[in-house]
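Visitor: Got a predicted structure here, sequence first:
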Amino acid sequence: MEPRDSLRAADADREAVAERLRHAVDEGRLTLFEYDERLQQAYQAQTYGDLDRLLADLPGPVPSRRAQLAPVAPPPAAAAVAATDRRGVRRAWLAAMWGAWVRAVTICVVIWGITALGAGPHYFWPAWVAGPWGAVLLIQTVNGLSSGEPERWAAKRAARQAR
């Protein structure tokens, strides 16, 4: 039997080493220059020994539950949303969603009313503005409320205000 170091490496072995090198650069263990050099060597490697030398000074991957990384604090925007009353967030989101619709339909009804005063009652055309747009908004509202969209919207809004 030949020792493992002299056995020929497969493409899958080279890809596994390349992936480990990517993790090492993400963890800050390698500079981009070192990563580039080692990646080129990994794809040129012919044996397991060639591949093992590229990883010799790197620790093995650590499962995330055992990693000794400092916990990340939530972003300030998420903290602002968590502190805010959910009802208030939902009300603000609904007002933003439906506000333009209410203004546009009101303007259309006022225009219709003014023309109806001069020409007498006629076809209620504002329904063509209010109906389809309102139906789309209703579907978006139901989907948004069920998926937590008001909280995401408030987080984005708080992040923009923090800038």
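Guide: Cool, got the structure.
Visitor: show me where this structure has helices.
Guide: Along the chain, counting by DSSP state H, helices occupy 11-27, 32-44, 48-55, 76-83, 86-119, 127-147, 149-162.
Visitor: who's in contact with Leu138?
Guide: The contact partners of Leu138, taken as CB atoms under 8 Å, 6 or more residues apart in numbering, number zero. (C-beta placed from N, C-alpha, C; glycine too.)
Visitor: Export the helices of the chain as a markdown table, with columns for mean pLDDT.
Guide: As requested, those are arranged in a markdown table below (pLDDT from 0 to 100):
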| stretch | mean pLDDT |
| --- | --- |
| helix 11-27 | 91 |
| helix 32-44 | 92 |
| helix 48-55 | 92 |
| helix 76-83 | 53 |
| helix 86-119 | 91 |
| helix 127-147 | 93 |
| helix 149-162 | 85 |
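Visitor: who wins for proximity to Pro3 among the ones you listed?
Guide: Comparison of the helices of the chain against Pro3 by CB to CB identifies helix 48-55 as nearest, at 8.3 Å.
Visitor: Identify all contacting residues around the closest one.
Guide: 4-7, 9, 13-14, 17, 20-21, 38, 41-42, 44-45.
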